[in-house]
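[1] Okay, sequence plus prediction incoming.
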2 protein chains.
Amino acid sequence: MRRTKAHAEATRQQILHAAERVFFEKGVSNASMEEVALAAGVTRGAIYWHFANKSDLFMELYKSVPLPQEDMIARELEVEGVDVFAVIERMAAEWLEVLAKDEQRQRILSILLRCDYGGELAPVLAQQQQVFDEHVRILEKAFARAAEMGKLDRCWTPRALASSFCWMMKGLCVEWLLFGRRFDLAAEGRDGLSRFIRGLRAA
Amino acid sequence: MRRTKAHAEATRQQILHAAERVFFEKGVSNASMEEVALAAGVTRGAIYWHFANKSDLFMELYKSVPLPQEDMIARELEVEGVDVFAVIERMAAEWLEVLAKDEQRQRILSILLRCDYGGELAPVLAQQQQVFDEHVRILEKAFARAAEMGKLDRCWTPRALASSFCWMMKGLCVEWLLFGRRFDLAAEGRDGLSRFIRGLRAA
DNA sequence: GAATTAACATACAGAACTGTTTGTATAACG
DNA sequence: CGTTATACAAACAGTTCTGTATGTTAATTC
């Protein structure tokens, strides 16, 4: 039965949400279109109407995830006279809090971490690499400014610190997402980052 | 044609090696037994003779990976008067060097990171969690001893430091393994860890 | 308001994969 | 040296999944 344009968009969103849950629970390659359809309350026909195949569905799901706004971060860090460390600490803590509360983001990041990017999904991996590199680049720039002002402990170089910081953030999130959420991400993450950053300031 | 006992064990190893490569390239759930058999130079019959099914094959592959010897690490760290930080730094660096050189270990760890542990593979995930927790526990104990001797910077608590250290290591390895080995793991990892640890010592 | 087309549901054909069964040559054993 | 069990290969049966083709209903268009 033909539905209105708005209704069609609604079922499209239903399918995306269902795919997100099913992909998260069973893994992308273990999930069948039938299962996604069942979870969305439609038939496979509806899915194949809106999406070409499973890879396309995955790509659209990936495109629907809100990316961290690097521009905003970068701009705030470039303000003159700002305490770079405090800003970075606050931003990292905010990111952890958002992730800890937003179950959709948790599911999508888990899916992205575990799926295998051989073949059609390669561009998704490339884009993730690009986002990560951009984060490192922004942090490096910020730490370089702190270093120029003599605020960065001499044992760190901006590059090494930016990398290490991102590694720690990634390890923290991976441990939480992939290994059972066995601790309070926001609280313990903020605590660890806070202590880490405290040690960065020049004595 | 029946083969000798030793020959049978050889084909079993061939199958395990082939599974390792195929699982790594296509992901566990995307790999078919036929592909593994082809890569091993046998037929599916041989695989089903040696292993019950794909899960069993995966479990045996997992069991064949040499685990880090926590006992040795723990014992070395408990020596009286040892420089805890130096030992930990050296051990972490050694681990990174081993990983950077041992392609088999790289493949197996990549497989373990990306496969989904729903159902039969759950015990593998549980064991990985246990190993991680044990690492954190050992480090915490070591850092606690350093703290007692007044060698640990006051802004760190042993627990928080152990967690943060493991997060950084995990993030480092995950970034390298899952996102294209785009840097020198041993060199850059050692550099970051060295700088990090330098900041831990009490002023 | 008849024709058209969008938004699906249903049915179908085929591929792929799994697990088992059967066949078989030969090593191992008495 | 005959028998038996082993280490597979090959064939088979059954299921599951995918992609498409067709059917159906209601919105839209003219």
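    Sure, I can see it.

[2] Just checking, which helix or strand of chain A averages the lowest pLDDT?
    helix A:70-77 (a mean of 79; mean pLDDT, DSSP states H and E).

[3] The helix or strand just after that helix to helix A:70-77, inter-axis angle?
    Tracing the chain past helix A:70-77, the next element assigned as helix or strand by DSSP states H and E is helix A:84-101. Angle of helix A:84-101 versus helix A:70-77, following axes from the mean of the first three to the mean of the last three C-alpha atoms, to 10 degrees, is 150 degrees.

[4] Sticking with residue A:118, tell me its helix or strand.
    Going by DSSP H and E, residue A:118 is not part of any helix or strand.

[5] ok, it touching residue B:25?
    Yes - assessed by C-beta atoms under 8 Å, residue A:118 is found in contact with residue B:25 at 6.7 Å. In this view, the C-beta of every residue, glycine as well, is placed from N, C-alpha and C.

[6] For chain A, give me the ranges with low pLDDT.
    A:68-69 (pLDDT under 70).

[7] tell me the domain ranges of it?
    Using automatic domain parsing, the domain parsing of chain A gives A:5-53, A:70-198.

[8] In a markdown table, list those along with mean neighbour count.
    Shown next, in a markdown table, are those (neighbours: other C-beta atoms under 10 Å in any protein chain shown):
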| stretch | mean neighbour count |
| --- | --- |
| domain A:5-53 | 17 |
| domain A:70-198 | 17 |
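
[9] I'd like those laid out as JSON lines, including distance to DNA strand C.
    Shown next, in JSON lines, are the domains of chain A (distance: least, C-beta to the nearest atom of the strand, whole Å):
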{"stretch": "domain A:5-53", "distance to DNA strand C": "2"}
{"stretch": "domain A:70-198", "distance to DNA strand C": "13"}
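
[10] so which of the ones you listed comes closest to residue B:56?
    Among those, the nearest to residue B:56 by C-beta to C-beta is domain A:5-53 (17.1 Å).

[11] That closest one and DNA strand D, any residue contact?
    Yes - on the criterion C-beta under 7 Å from any atom of the strand, domain A:5-53 is in touch with DNA strand D at A:5, A:32, A:33, A:34, A:35, A:44, A:45, A:48, A:53.

[12] one step back: okay, the domains of chain A in CSV with distance to chain B next?
    Listed next are those as CSV, based on distance: least, C-beta to the nearest C-beta, whole Å:
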stretch, distance to chain B
domain A:5-53, 4
domain A:70-198, 3
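
[13] need these in a markdown table with distance to residue B:135, can you?
    Listed next are the domains of chain A as a markdown table, based on distance: least, C-beta to C-beta, whole Å:
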| stretch | distance to residue B:135 |
| --- | --- |
| domain A:5-53 | 26 |
| domain A:70-198 | 11 |
